[in-house]
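> I'd like to go over a predicted model; first the sequence, then the structure.
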Amino acid sequence: MNKSFLYAICITTACSTLSQLANAYEANEKYIPDWEMFRHIVESYKKGINNQKNIKYAKEAEARGKAAFLKSDYAKADYRGYGDAIAWIPRPEYYFIVGDLNMRSKLSLHTDSPYSTPEYKACWDKYLFALDARSSVIDHFERGFSLTAELDLSATKNSKIYQQALTNAACFARLTSKYSEGVGPQCVPVEEVKSCLGSPLLLLYH
């Protein structure tokens, strides 16, 4: 693989990890445990769900996200769209969509980049895949599932996007387990990753 491209991927991964760590700290640099962060999210949902200003800005962020998605700009669809919508109202559906977009963005590095070799287009290093599946899909989906349960959102639980998120999460967990069992260099076929992703989750929302 082109070295500069590999370097770019490493930088992207590192920045993503640092961003997640930064979100776990308050302004006074006090570490926020996962349970406390989740409590903040639940409180934010309860405050925002009936606030007209929050509803307005969340809808505008959704529109930006969908517009970017239709241009295949998955990163922008996340950060300027659905990820931004979470800041206004942390709906479980937004977490499902962001996880899906994150993974599609990483998949695009394999399939769409002019720097990708034929081998890279077909194969995803199993260790990187395990990290990507966890940070992109499983973590976001688990937050969405937990919010749905904590807030007792029956309409969300019975929705198509929720059911598909369950299916996709299980598929990625099986894929990670399947290819983590072997010893030494091994890859996850990109076609199997595509199969787990299926249709974009945002198309199942609304």
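All right, it came through fine.

> Now do the contacts for V98.
Residues near V98 by CB atoms under 8 Å, 6 or more residues apart in numbering: 78, 82-83, 86, 140. Placement of C-beta: from N, CA and C, glycine included.

> Between the two ends of stretch 68-84, how far is it?
Using CA to CA, to the nearest Å, the end-to-end distance of stretch 68-84 comes to 13 Å.

> Mind pulling up the pLDDT for the closest residue to N102 other than its chain neighbours?
Excluding the flanking residues, the one nearest N102 by CB to CB, 6 or more residues apart in numbering is S136, at 3.6 Å. According to the prediction, S136 has pLDDT 87.

> roughly how far apart are S136 and P92?
Relative to P92, S136 is positioned 17 Å away (CB to CB, to the nearest Å).

> quick one, strands of this protein?
Assigned by DSSP state E, the chain shows strands spanning 123-125, 187-189.

> In contact with the closest residue to S108 other than its chain neighbours: list those residues for me.
Take S108 and drop its neighbours on the chain: the residue closest to it by CB to CB, 6+ apart is Y74, 6.3 Å away. Y74 sits next to 68, 101-102, 104-105, 108 when contact means CB under 8 Å, 6+ apart.

> Just the buried ones out of those, please.
By neighbour count, with 16 or more other CB atoms under 10 Å, those hold 68, 101-102, 104-105 as buried.

> just to revisit the earlier point, I'd like the strands of the chain written out as a markdown table, with mean pLDDT added.
Formatted as a markdown table, the strands of the chain follow (pLDDT from 0 to 100):
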| stretch | mean pLDDT |
| --- | --- |
| strand 123-125 | 91 |
| strand 187-189 | 91 |
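
> okay, those in JSON lines with distance to F96 and mean neighbour count next?
Listed next are the strands of the chain as JSON lines, based on distance: least, CB to CB, whole Å; neighbours: other CB atoms under 10 Å:
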{"stretch": "strand 123-125", "distance to F96": "22", "mean neighbour count": "19"}
{"stretch": "strand 187-189", "distance to F96": "22", "mean neighbour count": "18"}
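
> Reformat those strands as JSON lines; add distance to N168.
As requested, the strands of the chain are exported to JSON lines (distance: least, CB to CB, whole Å):
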{"stretch": "strand 123-125", "distance to N168": "16"}
{"stretch": "strand 187-189", "distance to N168": "15"}
